[in-house]
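> compute the structure for the input listed below.
(chains A, B and C)
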Amino acid sequence: MQISNLTVRYGAIEAIRDVTFTAMPSRITAVLGANGAGKTTLLRTISGLVQPASGSIVIEGVELIGRATDDIARLGVGHVPEGRGVIAEFTVEENLRLGAMAFDIDLAAGLDEQYQQFPVLGERRKQYASTLSGGERQMLAMARALIAQPRLLLLDEPSLGLAPLVAAELMTTIRELCATKNLSVLLVEQNAKGALRIADDAVVLSVGRVVANGSAAEVASDDQLRQYYLGLVQ
Amino acid sequence: MKITQILLRLRYSSLGRLVLALLGTVVAICVVLLVSAQSDTYIANAGAMTIAILGLSLLTGWSGQVSIGNSGFMAVGAFTTGIWANHHQSSPIIISLLLSILTGAIAGLLVGIPATRLKGPYLAGMTLAFVTAMVPFIQSLGKLTGGSGGLFFANLSSPSWFANLSGDPQNFIVANYRWAATVSVVITGVAYYFMSNLFASRAGRAMRLVRDNDVAAELMGVNLGRVRVGAFVISAAYAGLAGSLVALLSGVARADNFGLALSIEILSLLVLGGIGTLSGALMAGLLAAYASTLIAKLNALFGLNPYSNLGSNSQGIIFGLLLVVTMLTAPQGMAGLLKKISHLRARKEAE
Amino acid sequence: MGAFFTSRIVSDILIGAAQGVLVGLIALSLVLIWQSTHVLNFAQGAMAMFAAFCGMTMLEHGLNYWVCVLISLVAAMLLGGVTERVLVRPLYGKAEINSIVVMVGFLGILESGASSIWSGMARQLTSPLSQTYFTLGSKTLYLSPFSLFQIGSALTLMLGVAALFRFTKIGLQLRASALAPEVSRLLGVRVSRMLTLGWIISSAVGAFAAIIIATSGSGLFPSNMDGFFVFGFIAAAIGGLESPGGAILAGLLIGIIQTFVADYLSPSWVAFTPVLILVLSQLVRPAGIFTKNTTRRL
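Numbers count the residues shown, from 1 in each chain, chains lettered A, B, ... in the order given. Model (predicted):
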């Protein structure tokens, strides 16, 4: 996926300014930065929930800008929004079925696959999503996106509100998924440390601009970046 | 340009508002005395509509509560006036008017206390339920209200000094029209003056705060329930006054005339004029004066027989269309459009 | 046993239930739209009336009753869909007052429009089923073939709508679009189509109620849904606007209570009874009897 010269405005405020970077296929690209850096806006723009002022987003030769959100989803872009977006009034299985609804896939096989990947969801398939814990909800949200077999997965703060141990497990799962499913992941995180541990590449945003872009190892070893933008003190 | 600016600035002081109201009333009376008797009947009825619109503007525009039941409160006022007039034929009209304000307010309190606990569509639905129940209810009180036939009583007639003053003392019919319009204009002026003071007062500000953000208003110490009920009661009192005036002008009170259609008409005029501004309510009143003439002219223009199915219903269709189109394209109404135009002009002058 | 079925209380319940299912249908129609688009459709009764006119006036041209019903339902679906696309779509995300005003304006257009097309006179619709009450011995049992059809078809329609929402793929998407439109879009669900579909279903349910009301009662005329719409709204509000089951139940109760009021107190109190019930229910539970509490946001 290539993002070039993307600018997004909310009224007079520029939430994203002239952002350009490329997310390579089958790799995890971490998008890092402080609160208000424009990370969530970036994901929402990719999914068509926010219309940019200018710029382009191309995935496998297809321009996404100007397309409706549901069309973009059908092109194979899975988006797990901030706060997970699990439908609490639905059961676990209904949530998963909803995720498969728009796609031409074998529902039973898809459900089986997700229950194997996340056994706890299989145990709770008849329970309402409102009864799940935070970590289980995050798994449900990921499973619901994965059942559609996306080629690009957008994850918005998946570890937010999770206990450190659960968050670490989740990061490992994301790493495994990326490796086994041939999946590209754009991972937005405030928890820079956890994200850099599993990411291949990293983009650092500050007040809507790209301030660094490189391999995760490079970003992780840059002391200035760590101190000023990522809040990681030695 | 300069004069309008001075006039506009007047509304910021209480003396200025008094001067404005007086000035407007005097100008309106001059108009009443100059135009034809036919126009005077339009102006007289427009006064009543303006009062009802002012009341709804307060409720909807300032406190954010939509009512489609204000014609029900107008019915209360009209029947109060009618019943009083039939029992105390010689009492001055001011008593009828004050009584109608009172009964309107009491009815507003009775409906308002439960209704204002509801929000948005619930409240609007509740007022709709009120008005649809009110018509058969009034009709069922046959002894008091004359049933579905309605109540008949003496309408306004000109005192002899006014007949002398207004020109031809022999022509009492014309003098009666002039007198009715003058009374209506004066009452409207008083109603407007009170509303403009309320708009500038603490209570008015509290209402607008409740409309814009009720939770914040509550946190700032505004008593939500009291403000909402208060707005509802004042609005109903204005409707009662308007209903009383309608009854006095025609000498009839019929429940049918105060049904849902009237509520929709008031709401349409308010939206067209501009919700939540005094100038919008006044423009809506002017529109009310000439709406039926305009529609009759339109009917004639398109060669419609006014008694045909389409001709007799064109008013309803046009009002409905205007309501929908205004809300979808210019939700601030005429007042909003004028403001936009004057802003644009000011910007051009600055350049 | 026969004495029981023809007793005053049972008679009132039977008459009330026949009315109540119709109120319930209107309430259901309102809730379907409210849930998905958060618009209280003040024009719902008028839309139903208009659609009923489109089909049922064909009776005068000798068409079969059921064919006319079918035409009306198709007209209702068209009207519902077009209304959502043209009038309601621009209102999403706007202040509540905007949608109230637009729908009230639409109500005015439809009622005046119907008067100008078909005149304001009431038309009697010849019922395909007898409306004469059955008798048990010398006493009247307050059920007729038509009222049985009325109750039966209304209940079937309600169950049908429930099954559509509960058990079908489309139903799952309809519910998801109402509960979480943004998330549904992210999952590729065609949310805007679902909203239109919601209006289509709601409009058909309302039109069916309007046809039955016009056949069983005072005939078809432009304002003949005003009263029923108010009762339907009150039933929906008592149920909390979010609960289809609650709305139907409240509708049934309103019908039965009204019949008791008319029989034991006075017919002139009938119109006020639902208003009083609404006030009482709101005093007990402002958010509706059948909904959970919600928080208010700044």
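
> next, A:His79: secondary structure please.
Assigned with DSSP: H, G, I helix; E, B strand; the rest coil, A:His79 falls in the strand class.

> tell me the contacts of it?
For A:His79, the contacting residues are A:43, A:46-47, A:73, A:145, A:153-154, A:156, C:186, by CB atoms under 8 Å, 6 or more residues apart in numbering or on different chains. Quick note: C-beta positions are derived from backbone N, CA and C, even for glycine.

> so which elements touch the helix or strand harbouring B:Val131?
Under DSSP states H and E, the secondary-structure element containing B:Val131 is helix B:120-140. With contacts taken as 3 or more CB pairs under 8 Å, 6 or more residues apart in numbering or on different chains; DSSP states H and E, helix B:120-140 sits against helix B:70-87, helix B:93-115, helix B:260-273, helix C:96-118, helix C:226-238, helix C:272-284.

> which one of these has the lowest average pLDDT?
Comparing mean pLDDT over these, the weakest stretch is helix C:272-284, at a mean of 80.

> report the angle between that helix and helix B:120-140.
140 degrees (axes from the mean of the first three to the mean of the last three CA atoms, to 10 degrees).

> chain center to helix C:272-284: distance?
Distance of helix C:272-284 from the chain centroid (CA atoms, centre = their mean, to the nearest Å) equals 19 Å.

> ditto for stretch A:63-82
Taking CA atoms, centre = their mean, one finds stretch A:63-82 lying 12 Å from the centre of the chain it belongs to.

> export it as CSV, just CAs?
The C-alpha trace of stretch A:63-82 is given here as CSV (Å, rounded to 0.1, in the frame of the first residue of the first chain):
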residue,chain,number,x,y,z
GLU,A,63,-7.0,4.1,-5.7
LEU,A,64,-9.0,4.0,-2.4
ILE,A,65,-9.8,7.7,-2.1
GLY,A,66,-13.3,8.6,-3.1
ARG,A,67,-14.5,5.1,-2.5
ALA,A,68,-17.2,4.2,0.0
THR,A,69,-16.2,2.5,3.3
ASP,A,70,-18.1,-0.7,2.5
ASP,A,71,-16.4,-0.9,-1.0
ILE,A,72,-13.0,-0.5,0.6
ALA,A,73,-13.8,-3.3,3.0
ARG,A,74,-14.8,-5.5,0.1
LEU,A,75,-11.5,-4.8,-1.6
GLY,A,76,-9.8,-6.7,1.3
VAL,A,77,-9.1,-4.0,3.8
GLY,A,78,-9.9,-5.2,7.3
HIS,A,79,-10.2,-2.5,10.0
VAL,A,80,-10.4,-3.2,13.7
PRO,A,81,-11.3,0.3,15.1
GLU,A,82,-10.2,1.9,18.3
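
> which of the residues in that stretch are buried?
Buried residues in stretch A:63-82, counted by 16 or more other CB atoms under 10 Å in any protein chain shown: A:64-65, A:67, A:69-70, A:72-74, A:76-81.

> can you tell me which residue of chain A sits closest to chain B?
A:Ala12 (17.9 Å; CB to the nearest CB).

> burial count for that residue?
Each residue near A:Ala12 was counted by other CB atoms under 10 Å in any protein chain shown, and the total is 5.

> any idea how far it is from B:Arg347?
With the distance defined as CB to CB, to the nearest Å, A:Ala12 ends up 18 Å from B:Arg347.

> so who does residue 44 touch?
Going with chain A. A:Arg44 makes contact with A:Val50, according to CB under 8 Å, 6+ apart.

> should've been chain C
Remark: with contacts taken as CB under 8 Å, 6+ apart, C:Gln44 is in contact with C:26, C:29-30, C:33, C:202-203, C:206, C:229, C:232.

> confidence score at the residue nearest to it when sequence neighbours are not counted?
Setting aside the residues directly before and after it, C:Gln44 is nearest to C:Gly206 in space (CB to CB, 6 or more residues apart in numbering or on different chains), at 5.4 Å. The predicted structure scores C:Gly206 at 96 on the pLDDT scale.

> alright, that wraps it up for me.
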